[in-house]
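K.L.:
could you work out the structure for the sequence below:
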Amino acid sequence: MPSARHAFAALLASAFVLAAQPALAWKASEQVKTYGISGQTAPQLYASIGENGPVISGERRAIAHTTFKLTWGRDYRERADGSCVIAANNPRLIITYTLPKPREKLPQAVAARWQRFYDGLAAHERVHGQHIIEMVQAIQDVSVGLSAPADPGCHKVRAELQTHLKRLSDEQRARGRDFDRVEMGDGGNVHQLVLGLLTGG
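P.N.:
Numbering: from 1, shown residues only. Okay, here's the model as predicted:
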């Protein structure tokens with residue numbers, strides 16, 4: 001989630017292309033939401049991003065943001081020997097990308113710079129989306145077949161699952177922070193995207 005405080009950056013969207021991923025038995029739903037910004041010049045647009053971007057903590061705003069809603073359809077089965085196993089764990093994942101959108105038509109030269117910026121920004125957020133998808137797949141992998149002996153009511157296996165959920169969630173968040181640190185650092189992709197928007201470079 002690029003912070004609006006970082007006033008630099010540029011790179012073609014192709015630099016963000018993800019490596020081919022193995023096919024999944026489930027599919028995430030992805031949607032884009034936009035927030036309006038004003039301006040007819042690149043500096044005006046960027047200033048408006050700083051004023052209108054999504055709030056991510058306290059008063060801190062971001063240029064763009066990726067969130068998700070995740071629910072599960074779990075099949076807990078109590079066995080004749082008293083154990084419990086998770087026979088199935090099917091995810092329903094909705095990923096939402098929040099991106100800026102000018103309210104008015106832009107001058108041609110500014111519009112071209114804006115499109116490059118937007119495409120690169122969207123690609124950056126899709127990497128966050130891929131991180132989320134990989135986390136969900138890891139949760140499914142570790143949970144299906146998870147079992148606990150002497151577990152009437154499946155309380156033990158539920159508790160064990162929670163430890164895996166926390167670990168994988170923490171790993172995904174750390175991965176996202178590390179990715180943003182590189183992307184928004186000096187010379188990083190987002191750093192270059194903003195620089196390209198503001199200077200046309």
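
K.L.:
in the sheet, who's paired with the closest residue to Pro54 other than its chain neighbours?
P.N.:
Once flanking residues are discounted, Pro54 sits nearest to His65: 4.5 Å by Cβ to Cβ, 6 or more residues apart in numbering. (Each C-beta comes from the backbone N, C-alpha and C, glycine too.) Beta-bridge partners recorded for His65 (DSSP bridges): Thr98.

K.L.:
so who does His65 touch?
P.N.:
Residues near His65 by Cβ atoms under 8 Å, 6 or more residues apart in numbering: Met1, Gly53, Pro54, Ile56, Tyr97, Thr98, Glu125.

K.L.:
which of those fall in helices?
P.N.:
Using DSSP state H, the members of these that fall in helices are Glu125.

K.L.:
which pLDDT does the model give the residue nearest to Pro54?
P.N.:
We have a pLDDT of 95 for His65.

K.L.:
do the one 3 residues further on as well
P.N.:
On the pLDDT scale, Phe68 is placed at 98.

K.L.:
then Met184?
P.N.:
The confidence metric pLDDT takes the value 90 at Met184.

K.L.:
could you pull up phi and psi at it?
P.N.:
Note on Met184: its backbone torsions stand at phi -100, psi 0 [degrees, to the nearest 10].

K.L.:
so what strands line up beside the least confident helix or strand in the chain by mean pLDDT?
P.N.:
Using mean pLDDT, DSSP states H and E, the weakest-scoring helix or strand in the chain turns out to be strand 55-57, at a mean of 86. Using DSSP bridges, strand 55-57 pairs in its sheet with strand 60-61 (antiparallel).

K.L.:
what's the distance between Arg116 and Gln172?
P.N.:
Between Arg116 and Gln172 the distance is 29 Å, computed by Cβ to Cβ, to the nearest Å.

K.L.:
swap that for Lys156, please
P.N.:
Per Cβ to Cβ, Lys156 is found 25 Å from Gln172.

K.L.:
these two - which one has more neighbours?
P.N.:
Neighbour count, other Cβ atoms under 10 Å: between Lys156 and Gln172, Gln172 has more, with 19 against 16.

K.L.:
the helix or strand harbouring Leu193 packs against which elements?
P.N.:
Assigned by DSSP states H and E, Leu193 falls within helix 189-199. Helices and strands touching helix 189-199, by 3 or more Cβ pairs under 8 Å, 6 or more residues apart in numbering; DSSP states H and E, are helix 42-52, helix 108-143, helix 155-184.
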